[in-house]
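S.K.: The following block contains a protein sequence and its predicted model.
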Number of protein chains: 2
Amino acid sequence: MYEKKLPVNLDCGLHLFLQVVQGKWKINLLWAIHSGIKRPGELQRKIPNATRRVLDAQLGQLIEHGLINKVVFDQLPLKVEYELTGLGESLIPVIEVTAQWGEDHRNELEQFFKA
Amino acid sequence: MYEKKLPVNLDCGLHLFLQVVQGKWKINLLWAIHSGIKRPGELQRKIPNATRRVLDAQLGQLIEHGLINKVVFDQLPLKVEYELTGLGESLIPVIEVTAQWGEDHRNELEQFFKA
């Protein structure tokens, strides 16, 4: 029997995406870790407008939601790095699409956000 | 002279995108208006977890950032609708990509967000 493929209702997918990236710095954190900025101190310097407490909280949620792992190196002094999981890696092309949109509309958008 | 096309630094584009969608309900609002839900009362019913004050504030910012227009009909009782601008329309395919990601990873993600 030919089962007419109903258009997927993307409301639920959108809701899940928003749940995962909910938090002012999460997309920035994923993008930075993807770009090779893996250590807490480096992430803080890359995202200076966020407090360390807020970054740590959002990193914790990204771990909880399976997007990144925390790697603790068994050495002194203690060394910690964050890395993307497979699920986290799968989000990078999506983030690139959002970034490309911003780049494509830079002139229109920058007039709104002049410092 | 052959000008080697440097890979576009998407940091700035990503920053602009995040500025525009910064605010818990903005992507939901854009998606709802795109789906034909245009009137303030309808938007409130579609996004029950947001207060009317917060929705109105974020609708105001979306207008300010050129993504939507507010249309006031010259009639009694007063009738107001929101519509996407060209810039707003251009964001819909990007939102669809994010929604599709959520849909593609629904099983992995739903385990984290069971109500």
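M.R.: Cool, the structure landed. Residues are numbered from 1 along each chain as shown, chains lettered A, B, ... in the order given.
S.K.: For the rest of this, base every contact and every neighbour count on C-alpha atoms.
M.R.: OK.
S.K.: Just confirm residue A:72 contacts residue A:80, I think it does.
M.R.: Yes - here residue A:72 reaches residue A:80: they are 4.6 Å apart, a contact under Cα atoms under 8 Å.
S.K.: Of these two, which one has the most company?
M.R.: The residue with more neighbours, out of residue A:72 and residue A:80, is residue A:80; 14 against 11, by other Cα atoms under 10 Å in any protein chain shown.
S.K.: got the residue ranges for the helices in chain A?
M.R.: Assigned by DSSP state H, chain A shows helices spanning A:11-21, A:26-34, A:40-46, A:52-64, A:86-104, A:106-110.
S.K.: Mind putting those helices into a markdown table with mean neighbour count, distance to residue B:52 and mean pLDDT?
M.R.: Shown next, in a markdown table, are the helices of chain A (neighbours: other Cα atoms under 10 Å in any protein chain shown; distance: least, Cα to Cα, whole Å; pLDDT from 0 to 100):
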| stretch | mean neighbour count | distance to residue B:52 | mean pLDDT |
| --- | --- | --- | --- |
| helix A:11-21 | 19 | 20 | 89 |
| helix A:26-34 | 20 | 26 | 96 |
| helix A:40-46 | 15 | 35 | 95 |
| helix A:52-64 | 16 | 27 | 96 |
| helix A:86-104 | 18 | 28 | 96 |
| helix A:106-110 | 14 | 26 | 89 |
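S.K.: For those helices, give me TSV that also has distance to chain B.
M.R.: As requested, the helices of chain A are arranged in TSV below (distance: least, Cα to the nearest Cα, whole Å):
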stretch	distance to chain B
helix A:11-21	4
helix A:26-34	8
helix A:40-46	11
helix A:52-64	8
helix A:86-104	4
helix A:106-110	7
